[in-house]
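Q: Sequence and computational prediction follow.
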Amino acid sequence: MSAVPTSNYRSISTPETAKLIRALMKKRFPEVKAKVHSHRYAGGSSIDVKVDFERSDNPERWDEIIGLLDGFSGQGFDGMIDMTFYKHSWLNPDGTATLAKHTGTQGSGGSYEAVDNPAPDEKSEFVHFHANHVFLSYDWSSAR
């Protein structure tokens, strides 16, 4: 039996997801200047998060931010078989998002195992983020 619902989820638009990320970055990393922009294009959308430090300057902080952003993407991609899969997340009361469920790609010969995680909090909401991917990069303009 599934640990998470298979329906009755709230869809969260890409601009709304960007707002959630912006608020979370300010709350969790007030010392980091972050620019958060959403992009829509044929076939999907994404969010770019640009920060004012390079990964090599603070790899632990970079990895912490990557881990925080990972739950906000609505798709995964298995490059071994060129296949996209959809993800659902838990939107938690503290503003974080954690992976709830995806079917993976192993049934199609891929390498991603299915995921079915229970809610981390009884008040977590089952959602789908429309942003296909969330990218983290260094904001070169901050170096000027």
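A: Cool, the structure landed. Numbering: from 1, shown residues only.
Q: Remind me what the helix or strand encompassing Leu99 packs against, helices and strands.
A: Element membership for Leu99, per DSSP states H and E: strand 97-102. The helices and strands touching strand 97-102, judged by 3 or more C-beta pairs under 8 Å, 6 or more residues apart in numbering; DSSP states H and E, are strand 83-91, strand 115-116, strand 125-129. In this view, the C-beta of every residue, glycine as well, is placed from N, C-alpha and C.
Q: Adding mean pLDDT, mean neighbour count and distance to Arg22, write those strands out as TSV.
A: Output for the helices and strands packed on strand 97-102, formatted as TSV (pLDDT from 0 to 100; neighbours: other C-beta atoms under 10 Å; distance: least, C-beta to C-beta, whole Å):
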stretch	mean pLDDT	mean neighbour count	distance to Arg22
strand 83-91	93	19	15
strand 115-116	92	17	26
strand 125-129	95	20	14
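Q: Rebuild the ones you listed as CSV, extending it with distance to Pro59.
A: CSV is the format used below for these (distance: least, C-beta to C-beta, whole Å):
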stretch, distance to Pro59
strand 83-91, 25
strand 115-116, 26
strand 125-129, 26
